[in-house]
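Novice: predicted model and sequence follow; I will ask about them next.
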Amino acid sequence: MISPSQLRAARALLGMDQKALAEASGLSLPTIQRMEASDGVIRGQVESLMKLVAALDAGGVELIGEGAVSDKGGRGVRLKQ
């Protein structure tokens, strides 16, 4: 699961705008915009979410899930080492 704030933070780490992420993930710009504007956890087709996460992963971003190892717990993003 990925939250809208994680998505925006991941794009910022990579220096990508919404259009660039849409192209990298093979999703449409309106889909990326809808995902970022949603409340809570991003909902969508599993295939679309997998494409989004794969594009962020390929760019070098690691998504930190709720309760994963991090200083304060909670969701987040970080660059891969």
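Specialist: Yep, it's here.

Novice: rest of the way, CA atoms for contacts and neighbours
Specialist: Fine.

Novice: count of neighbours near residue 10?
Specialist: When counting by other Cα atoms under 10 Å, one arrives at 23 neighbours for residue 10.

Novice: wait, residue 61
Specialist: By other Cα under 10 Å, 21 other residues sit near residue 61.

Novice: that one and residue 76, how far apart?
Specialist: For residue 61, the distance to residue 76 equals 10 Å [Cα to Cα, to the nearest Å].

Novice: what's the offset of the longest helix seen in the chain from the middle of its chain?
Specialist: Counting residues, the longest helix found in the chain (DSSP state H) is helix 46-59. From the chain centre to the centre of helix 46-59 is a distance of 8 Å (Cα atoms, centre = their mean, to the nearest Å).

Novice: which elements pack onto the helix or strand of the chain with the lowest mean pLDDT?
Specialist: Least confident helix or strand of the chain, by mean pLDDT, DSSP states H and E, is strand 76-79 with a mean of 80. If contacts are counted by 3 or more Cα pairs under 8 Å, 6 or more residues apart in numbering; DSSP states H and E, strand 76-79 sits against helix 4-14, strand 61-64.

Novice: got a list of contacts for that strand?
Specialist: 6, 9-10, 13, 60-65 (Cα atoms under 8 Å, 6 or more residues apart in numbering).

Novice: what's the answer for stretch 15-30, then?
Specialist: Contacts for stretch 15-30 (Cα under 8 Å, 6+ apart): 11, 31-33, 48, 51-52, 54-55.

Novice: hmm, which two among those are most spread apart?
Specialist: The distance between the two most remote of the contacts of stretch 15-30 (Cα to Cα) is 17.5 Å, for 33 and 54.

Novice: in this structure residue 65 contacts residue 1, no?
Specialist: Yes: assessed by Cα atoms under 8 Å, residue 65 is found in contact with residue 1 at 7.4 Å.

Novice: between these two, which one's more packed in?
Specialist: In this view residue 65 and residue 1 are compared by other Cα under 10 Å, and residue 65 has more residues nearby, 17 against 14.

Novice: got any ranges where the protein has weak pLDDT?
Specialist: In the prediction, the chain carries residues with pLDDT under 70 at positions 66-75.

Novice: now distance to residue 80 and neighbour count too, for the contacts of stretch 15-30, in CSV please.
Specialist: As requested, these are exported to CSV (distance: Cα to Cα, whole Å; neighbours: other Cα atoms under 10 Å):
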residue, distance to residue 80, neighbour count
11, 14, 19
31, 26, 14
32, 23, 19
33, 25, 14
48, 22, 17
51, 18, 16
52, 17, 21
54, 13, 15
55, 14, 18
